[in-house]
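Chemist: quick one, what's the 3D model for this:
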Amino acid sequence: MNNTAGTELRSLREHPFDLLRELERRSKVALTGADADEDINVDEWVGIGIRLGEERFVIARDEIAEVLMVPSTITRVPGGKAWMNGLANIRGRLLPVVDLKAFLGSGVTTTGRATRVLVTNIDEYSVGILVDEVFGFRRFVEREYSSKIPGMAMRGEAYLTGSYRRGIESWPVLSMTCLQESPEFRQAAESQVSI
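Modeler: Here you go, the predicted model:
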């Protein structure tokens, strides 16, 4: 099928793949502001949208290995900080589970239907990050990125690497690499444990 700018969507009704391709092309034209006749080749940044409390963030797709339902059993680790929920057995592998909202000083995450655990894909060890909600993939183009760190209610500015803005929506980029490499995050045990 020929995908010209003048292609009528009705004419593609019997060809679903071509219809999707034309819709994608039109979306890219709208995003970039390009001329409708141009061949659009846009590099996209893809992240996973999440919610912590009332704030939304986006995490680079390659920093997350998988998204899980909250495990039914998380075993508390003696001497762990309050934000260290414990260990979960995920397919025979122990996964430390961290309450990210609690780590950032914004209270404990209340587990509900939308609550998820993001398994990080950083270095040699994975961590389960408890979040209030996952929105799915968010795609942005380069011109929507700003290295300016937006203000936020949580104390997480040290883990932000910029933000993407589309219209009135702002999506701060939360870096799992910065988080996992920070000394505060690596110190999950209380400094003094009473026996």
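Chemist: ok now the worst-scoring helix or strand of the chain on mean pLDDT, how far from the chain's centre?
Modeler: The helix or strand of the chain with the lowest confidence, counting by mean pLDDT, DSSP states H and E, is helix 16-32 at a mean of 76. In terms of Cα atoms, centre = their mean, to the nearest Å, the centre of helix 16-32 is found 24 Å from the chain centre.
Chemist: same check, this time on stretch 57-73
Modeler: 8 Å.
Chemist: for it, C-alpha coordinates in PDB please.
Modeler: This file holds the C-alpha atoms of stretch 57-73, laid out as PDB (Å, rounded to 0.1, in the frame of the first residue of the first chain):
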ATOM      1  CA  PHE A  57       7.700  10.400  36.800                       C
ATOM      2  CA  VAL A  58       9.200   8.500  33.800                       C
ATOM      3  CA  ILE A  59      12.000   5.900  34.000                       C
ATOM      4  CA  ALA A  60      14.100   4.900  31.000                       C
ATOM      5  CA  ARG A  61      12.800   1.700  29.500                       C
ATOM      6  CA  ASP A  62      16.200   0.100  29.500                       C
ATOM      7  CA  GLU A  63      16.600   0.600  33.300                       C
ATOM      8  CA  ILE A  64      13.600  -1.700  34.000                       C
ATOM      9  CA  ALA A  65      13.700  -5.400  33.400                       C
ATOM     10  CA  GLU A  66      10.100  -6.100  34.200                       C
ATOM     11  CA  VAL A  67       6.900  -4.900  36.000                       C
ATOM     12  CA  LEU A  68       5.400  -7.200  38.600                       C
ATOM     13  CA  MET A  69       2.300  -7.400  40.700                       C
ATOM     14  CA  VAL A  70       3.200  -6.900  44.400                       C
ATOM     15  CA  PRO A  71       4.400 -10.300  45.600                       C
ATOM     16  CA  SER A  72       2.100 -12.000  48.100                       C
ATOM     17  CA  THR A  73       4.900 -12.600  50.600                       C
END
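Chemist: contacting residues around it?
Modeler: Contact with stretch 57-73 is made by 45-51, 88-90, 95, 97, 111, 115-122, 126, 128, 130, 134, 137-138, 140, 164, 171-177, as judged by Cβ atoms under 8 Å, 6 or more residues apart in numbering. (Each C-beta comes from the backbone N, C-alpha and C, glycine too.)
Chemist: check stretch 155-168 too.
Modeler: By Cβ under 8 Å, 6+ apart, stretch 155-168 touches 45, 47, 58, 104-106, 138, 140, 144-150, 152, 170-175, 178-179, 182.
Chemist: so of these, which ones are in strands?
Modeler: Trp45, Gly47, Val58, Arg138, Phe140, Tyr145, Ser146, Ser170, Trp171, Pro172, Val173, Leu174 (DSSP state E).
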